[in-house]
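Student: coordinates only, no sequence provided:
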């Protein structure tokens, strides 16, 4: 192994961009049940996502400006991003019903050849979201 035995242990955070953070916060709380734990109005809202990960939602116009207080480098993205959330395969039918009940269009459903299933939909900012069994990557169910 290269790196002298050093290895990445997992994804700690993932980031999506939305200009209307209030609308995005409502969507992620009501649709996915994520709990916001930090906000900077107009700049970001952060959510716990499972036991060991965080979802960061940034306003791209604000994060292109360097954060002088913390020294975080500027960043941002154009166009829709993508995030996939791990769910139990046996719960996908319940998620499908939940999305339909909230009048959120399901864009695509895939039964993957190697196993596992996915449901794709969009958040209000146009980001592509996916609910999937970890089996799509031949990982253990959660």
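Tutor: Received it, and whenever you're ready, just let me know what you need. Worth saying up front: this structure is predicted, and the values here are computed from it rather than measured. Numbers count the residues shown, from 1 in each chain.
Student: so where's this protein shaky on pLDDT?
Tutor: 1-3, 68, 70 (pLDDT under 70).
Student: what's the longest helix in it?
Tutor: helix 21-32 (DSSP state H).
Student: for that helix, the distance to its chain's centre please.
Tutor: 11 Å (Cα atoms, centre = their mean, to the nearest Å).
Student: what comes up buried for it?
Tutor: Neighbour-count burial for helix 21-32, counted by 16 or more other Cβ atoms under 10 Å, picks out 21, 24, 25, 27, 28, 31, 32. Bear in mind the C-beta positions are built from the backbone N, C-alpha and C, glycine included.
Student: partner strands of the helix or strand just after it, parallel or antiparallel?
Tutor: The helix or strand immediately downstream of helix 21-32 is strand 35-40, counting by DSSP states H and E. Next to strand 35-40 in the sheet, as set by DSSP bridges, lie strand 44-48 (antiparallel).
Student: relative orientation of the partner strand and helix 21-32 in degrees?
Tutor: For strand 44-48 against helix 21-32, the angle by axes from the mean of the first three to the mean of the last three Cα atoms, to 10 degrees is 20 degrees.
Student: what is whatever helix or strand comes next after strand 44-48 packed up against?
Tutor: Going down the chain from strand 44-48, the next helix or strand is strand 54-58, by DSSP H and E. Applying 3 or more Cβ pairs under 8 Å, 6 or more residues apart in numbering; DSSP states H and E, one finds that strand 54-58 contacts strand 13-17, helix 21-32, strand 44-48.
Student: so what touches strand 54-58?
Tutor: 12-18, 21, 24-25, 28, 34, 43-49, 75-76, 83 (Cβ atoms under 8 Å, 6 or more residues apart in numbering).
Student: would you list the buried entries among these?
Tutor: Here, 16+ other Cβ under 10 Å leaves 15-18, 21, 24-25, 28, 34, 44-47, 49 buried among the contacts of strand 54-58.
Student: before we move on, the earlier item: and the longest helix of the chain, what does it pack onto?
Tutor: Using 3+ Cβ pairs under 8 Å, 6+ apart, helix 21-32 sits against strand 35-40, strand 44-48, strand 54-58.
Student: noted, bye for now.
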